[in-house]
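1. Below are the sequence and a predicted model for it; my questions follow.
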Amino acid sequence: MRKKIWTPERILQEIRDQERKLGRVPKLKDVPSSLNLLSRQAFGSWDKAVELAISKPSHSHRWTNDEILQTLRSLHSRFGRFATEKDLDGVRTSLQTRICRTFGTLNKANEIAIGNSARIEALRVLNELTPPGCDNATTQEVRFHLGKKGLQLSGQMVGQSLKQARDDGYVITGKYDRTTWWKLTQKGREFLNEHRA
């Protein structure tokens, strides 16, 4: 019996075969440890071997800040809206984790990548609905006015964006008869002035 000779091309073909068999990018736990070792010897790392074999980053891919921002820009241009966590499910879960660690929230990452986000749009609508000296607006009112502007966001996404704004001190909130209301703070108005469209 002849011994298999593992050329770089044979290693890449084995990774492609694993992808076909699994129907997704193979993880380290999916392949024999010998294939991992051969990949590292031939290409320097498992990630590099996977990228060369199937032109997709492996699940253990380390996202750089530039790659994250470029991915968010391409998702924005593809969908014509801000990237949501659901959009990232199709990309990589490691990307979601990296965004949270690096930027804090997806909204903040969108603001850096695109210069805008669902949070900024929600704050702009809140600013229009509650000029200085005016009362407050509910989540439903903000969502309705975002929809009139062509931004179809779920109530949950609007609420989440406004909660992040609250955590940053841009809005204050309260409840009245089980309805959440929001009001822009002076700090929030200053933030909006910095992010004029």
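-> Happy to help now that I have it.

2. And the helices in the chain?
-> Counting by DSSP state H, the chain has helices at residues 8-22, 33-43, 46-54, 65-79, 85-89, 93-103, 106-114, 118-129, 139-148, 155-167, 186-194.

3. Domain map for this protein?
-> If you go by automatic domain parsing, the domain ranges for the chain are 8-54, 65-114, 118-194.

4. got JSON lines for the ones you listed, with mean neighbour count too?
-> The C-beta positions use only the backbone N, C-alpha and C, and glycine is treated the same way. Below are those laid out as JSON lines (neighbours: other C-beta atoms under 10 Å):
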{"stretch": "domain 8-54", "mean neighbour count": "16"}
{"stretch": "domain 65-114", "mean neighbour count": "16"}
{"stretch": "domain 118-194", "mean neighbour count": "16"}
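
5. will you turn those domains into a markdown table that also has mean pLDDT?
-> Formatted as a markdown table, the domains of the chain follow (pLDDT from 0 to 100):
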| stretch | mean pLDDT |
| --- | --- |
| domain 8-54 | 86 |
| domain 65-114 | 80 |
| domain 118-194 | 82 |
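
6. Now do stretch 143-161: distance to the chain's middle.
-> Computed by C-alpha atoms, centre = their mean, to the nearest Å, the chain-centroid distance of stretch 143-161 equals 18 Å.

7. Many thanks, have a good one.
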